[in-house]
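K.L.:
with the sequence up front, the predicted model follows.
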Amino acid sequence: MTGDGCVLCGRAGALAHADPGWLLRTGRWGVSMHPAIPAPGWVAVQTLRHTEGLAGLDGAEAGELGPLLARLSAAVTRVTGSERVYTYSLGEGSPHTHVLLGPPQRDLRGAAFITGLLRRDASLADEAAALRVARDLADALAAGNTPTT
């Protein structure tokens with residue numbers, strides 16, 4: 001599960017002991033709180049084996065990703081009440097396949113919100129709320145209250 005020096009591979013091992021740790025884990029993918037900023041409702045979806053981009057996914061990983069993102073989007077919508085769920089994946093700061101997903105906040109929408117998130121704008125961070133929402137997401141995903149396709 002590790003790539004030499006990969007931050008996300010290293011982080012994956014620690015998540016088993018963290019609170020809330022993995023919000024959802026399949027045989028191929030793990031879902032956790034956003035690793036860089038505690039923005040409520042924002043999660044990271046990452047491969048459990050080291051891959052560096054969508055082109056590096058095997059058939060099973062690729063086949064699971066779309067339904068997983070749909071399921072997570074439905075859970076985020078239900079738990080946060082947001083009408084929109086954004087996704088992005090750059091892979092510049094951490095060359096490990098991961099997709100970041102979550103709702104916009106307050107009056108920040110679209111590019112303005114994503115720019116703030118990428119810059120780790122402190123006004124978007126709320127550790128207590130992010131932890132609370134993460135636990136609610138984990139509960140919703142465990143209960144199967146979200147569609148899988």
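P.N.:
Great, that's in hand.
K.L.:
going forward, measure contacts between C-alpha atoms and count neighbours the same way
P.N.:
Will do.
K.L.:
poorly predicted segments of this structure, please.
P.N.:
Counting by pLDDT under 70, the chain has low-confidence residues at 1-3, 145-149.
K.L.:
grab the longest helix from it for me.
P.N.:
Looking across the chain with DSSP state H, the single longest helix is helix 59-80.
K.L.:
helix or strand next in line after that helix, which one?
P.N.:
The helix or strand immediately downstream of helix 59-80 is strand 86-88, counting by DSSP states H and E.
K.L.:
ok, back up a step: got the buried residues for the longest helix of the chain?
P.N.:
Residues of helix 59-80 classed as buried by neighbour count (16 or more other Cα atoms under 10 Å): 61, 64-65, 68-69, 71-80.
K.L.:
so how far is stretch 37-55 off the chain centroid?
P.N.:
Chain-centre distance of stretch 37-55: 5 Å, with Cα atoms, centre = their mean, to the nearest Å.
K.L.:
to clarify, my last question referred to stretch 36-47.
P.N.:
Centre-to-centre, stretch 36-47 and its host chain are 4 Å apart (Cα atoms, centre = their mean).
K.L.:
residues of it that come out buried?
P.N.:
37-47.
K.L.:
over to stretch 124-133?
P.N.:
Applying a neighbour-count criterion of 16+ other Cα under 10 Å, one finds 124-125, 130-131, 133 buried in stretch 124-133.
K.L.:
so Leu101 is in which element?
P.N.:
Using DSSP H and E, Leu101 maps to strand 98-102.
K.L.:
what segments of the protein are helices?
P.N.:
7-15, 59-80, 110-118, 127-143.
K.L.:
and the gap between the residue lying closest to Leu57 once chain neighbours are set aside and Gly59?
P.N.:
Spatial nearest neighbour of Leu57, excluding adjacent residues (Cα to Cα, 6 or more residues apart in numbering): Thr51 at 6.7 Å. Thr51 sits 13 Å away from Gly59, going by Cα to Cα, to the nearest Å.
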